[in-house]
Structures are given as structure tokens and as C-alpha cells.
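Participant: Got a predicted model here, sequence first, then my questions.
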Amino acid sequence: MHHWCMVDAATFSYPEAVLHRMIYATNSSGDAHTAMNSAKHPLHATELLPVIRPMVLADLPVALSLSEGEGWPHRPSDWKTLFSMGEGRVAEVDGAVVGVGMRWLWGERAATVGLVVVNPDFRERGIGRKLLEALSAGLDRRTVLLHAAGTIHRFYGSMGFERISEIRQYEGKALQPPLMALPEDSRLRPSGRNDLQMLVGMDERAGGAVRERLIQTWLRQAIGTVVLDHPDGPTGFAILRRFGRGATIGPVVAPCPMAAKAMIAHLAGLVTGRTLRLDVQAHGELEDWLPGLGLARVADATVLRRGTPLAPPDPLLSFALADKAIG
């Protein structure tokens, strides 16, 4: 254990990962695709039962349409990437897709659930519950995590999930970052071709889940990746990649806030003037610092877990998620 960065590890019991946003908005206007489906399939809500089936590649345009209706920033390529790493379920009513959701399996012990969204015209009918039940099937021996916006976490409580922590979404036009100090005897370097397993190992130490597919995919899409080196071995890393309206930094794994801020500042400097987003663990020191990069807190989410914690506290901590849908 390195003692050159002091932090209370209990503050950062990493929620391991899972994101799940199901926003029960009152908006029923939908988008062009939703309007078309509504016209073709009159909404006799009480007469029709949803059919839950596996998601296929051809469902992604509908999934994109539903997420755009919620104001989510995902591009077609973002949906394709997330689908390639996991598996989904869709809810159909009278042949029309009215809801979708995804899950990702990590090793033998962990899973995340996210990107669950239901057409506003079909809410309050239990479709979200049926999707979650389908996505949870076969996961009894795994620890399952998700993120919930607003008060919907109460719904998940009725399905065996417990609230464990909070996530803050920060976003804005990135300003030129200041020079940041590093922990003693540490230095930053770009990641190399042979770093994959080392990064996967640090990610697992911070969160308890083996996410090799995720890290490998993020590295292929990266604008930049930085590793925090120490004479005793690497102690952190962060990845900057394209996403949504601009770019996002995550995951950020580090031994302390000082190290996390140094890596974030380095990567933010690569996208100055562009829209930048981070989904960070609730933490005063880091949150107080992010506005100096031009980022404002724009949304919150609750992290929920069903099952036992994946890992005991470790000197490596998660400061920012890899993605708000998968943790």
C-alpha cells in the first residue's frame, strides 16, 4: 500500500459500476419515431400486454430515438459501442417497441444494468418493472449495480436494491487547466500497447469487477490515456474519449484526490474549448475543483446495489465513472 497520498478509503467505497437511468417524465410529445409508432399503434394501454424479447442490432435506431426523447446525449455510435459489450431487452406492445434496457456482465461475479427507458405514453403500466425483471434474470449469484435519477431509486428498493452512494454529473466547455502538483515521486505518462492488463487490474482493484472488454474498447476510442507511475508501480490511470456532445473523462482511478485532479487536468487540456463531461463520485474536494475547468454540476444519480460488495476498500479508488450507463 502506498502511503504518500492520504485519503479516507471508506469515503470512496467504489460503487463498482452500474448505471441505470429510467426517467419518468411527464413529457408525452416524444419524437418523430415515437409519434409515428403512436399513430400506427393506437394507445389502448389497458388492453395490451408487453412482450419482452432480446434486443437485436436492428433495434438500435428505436433505442436511440427513445433516449433522444429523454435528452440523453448518446450518438448512434455510442449505442452501438455499448450494445457490442452487453446484451439488451426490448418491450413491444402490438408490434411496436415501447421500451429498452441493457445489461453488461463482468467476469463471474458482477453485472451492471442501464439505459432503461420507456416511451412516455406507456409509463405507469409496469413495463419498466418487466424490463428490469428480464434484465435481472440469471443474475442471482452476481452483484448487480445501477444508477437511478431522481426519486426512482424508491422503485428499485422494492426490487431488492439498496442505496449505497451518489454520483454527480459535471459538464461544460473545457477551460485551459492549471498546472497541477503530483504526489511525491510520481509522474504521468501516456499509456502504451502493453498496458491493457495493468489498467484492467487497477480498474478491478478500485471496483471489484473484471472489465477487460470495457477498458479495451475505451482504449481503442481514446483521445488520450494517462498513467500515474510511481517507483513502486503504477497507481492510477484515466481515459479521455469522444462521447455524446463532445468528450468525457473516465474511468479515473487514483490513490487520492491530488492524483485524480492531476490526471483530469492533463486530459482536459487536450479538449480545451470543447464540451467535456465527467460523472464523478460525490466528493467535496474534487467537486469544488471541477468548476475551475469550466464544468458545472448538471445532474445527480443514486447508485444502487443488489448483492454483496464486490471488493473491500483498496488504496486505489474510483473518482470518475467509465460511463454513466455502465459505471
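Facilitator: Nice, thanks for sending it over. Predicted model, so just to flag it, every value in this text is computed and none were measured. Numbering: from 1, shown residues only.

Participant: need the contact list for residue 253.
Facilitator: The contact partners of residue 253, by CB atoms under 8 Å, 6 or more residues apart in numbering, come to 202, 203, 205, 206, 236, 237, 238, 316, 317, 318, 319. Any C-beta I mention is one placed from the backbone N, CA and C, and that applies to glycine too.

Participant: quick one: low-confidence ranges for the stretch 1-150 of the chain?
Facilitator: Of all residues in the stretch 1-150 of the chain, those with pLDDT under 70 make up the ranges 1-47.

Participant: Apply 90 and report the result again.
Facilitator: Low-confidence segments of the stretch 1-150 of the chain, defined by pLDDT under 90, span residues 1-49, 124, 148-150.

Participant: ranges for the strands of it?
Facilitator: Applying DSSP state E, counting those that start in this stretch to the stretch 1-150 of the chain gives strands spanning 51-54, 87-93, 96-106, 110-118, 143-148.

Participant: The contacts of residue 253: which two are farthest apart?
Facilitator: Set against one another by CB to CB, the contacts of residue 253 have their most distant pair in 205 and 238, with a gap of 14.9 Å.

Participant: The two: who's more crowded?
Facilitator: Set side by side, residue 205 and residue 238 show more neighbours around residue 238, with 27 against 16, by other CB atoms under 10 Å.

Participant: Return the residues in contact with that one.
Facilitator: With contact taken as CB under 8 Å, 6+ apart, residue 238 is in contact with 225-226, 249-254, 260, 263-264, 266-267, 320.

Participant: Derive a PyMOL selection command for the buried subset of those.
Facilitator: Entered in PyMOL, the line below selects the buried ones among the contacts of residue 238, by 16 or more other CB atoms under 10 Å:
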select buried, resi 225+226+249+250+251+252+253+254+260+263+264+266+267+320
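
Participant: for the contacts of residue 238, which one is nearest residue 82?
Facilitator: Using CB to CB, residue 250 comes nearest to residue 82 of these, at 13.9 Å.

Participant: So for stretch 219-234, mean pLDDT?
Facilitator: Per-region confidence: stretch 219-234 scores 97 on mean pLDDT.

Participant: Between the two ends of that stretch, how far is it?
Facilitator: In stretch 219-234, first residue to last residue: 17 Å (CA to CA, to the nearest Å).

Participant: just the contacts of residue 253: which has the poorest pLDDT?
Facilitator: By pLDDT, residue 316 ranks lowest within these, coming in at 86.

Participant: per-domain residue ranges of the chain.
Facilitator: 32-167, 169-320 (automatic domain parsing).

Participant: After the helix or strand containing residue 286, heading C-terminal, what element do we hit next?
Facilitator: Assigned by DSSP states H and E, residue 286 belongs to helix 284-289. Where DSSP H and E defines the elements, the next helix or strand beyond helix 284-289 is strand 296-306.

Participant: Give the rounded mean pLDDT of that next one.
Facilitator: Here the average pLDDT along strand 296-306 is 95.

Participant: gap between that strand and the chain center?
Facilitator: Remark: strand 296-306 is offset 10 Å from the chain centroid, using CA atoms, centre = their mean, to the nearest Å.

Participant: Give me the residues contacting it.
Facilitator: With CB under 8 Å, 6+ apart as the contact definition, strand 296-306 has outside contacts at 15-16, 18-21, 136, 143-149, 153, 156-157, 159-172, 279, 287, 290, 324.

Participant: Convert it to PDB, retaining C-alpha atoms only.
Facilitator: Extracted C-alpha coordinates of strand 296-306, given in PDB (Å, rounded to 0.1, in the frame of the first residue of the first chain):
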ATOM      1  CA  ALA A 296     -20.900  22.800 -13.800                       C
ATOM      2  CA  ARG A 297     -22.900  20.300 -11.900                       C
ATOM      3  CA  VAL A 298     -25.900  19.500 -14.100                       C
ATOM      4  CA  ALA A 299     -27.400  16.200 -12.800                       C
ATOM      5  CA  ASP A 300     -27.200  13.700  -9.900                       C
ATOM      6  CA  ALA A 301     -27.800  10.000  -9.700                       C
ATOM      7  CA  THR A 302     -28.100   7.400  -6.900                       C
ATOM      8  CA  VAL A 303     -26.000   4.300  -7.000                       C
ATOM      9  CA  LEU A 304     -27.900   1.200  -6.000                       C
ATOM     10  CA  ARG A 305     -26.700  -2.400  -5.400                       C
ATOM     11  CA  ARG A 306     -28.300  -5.800  -5.100                       C
END
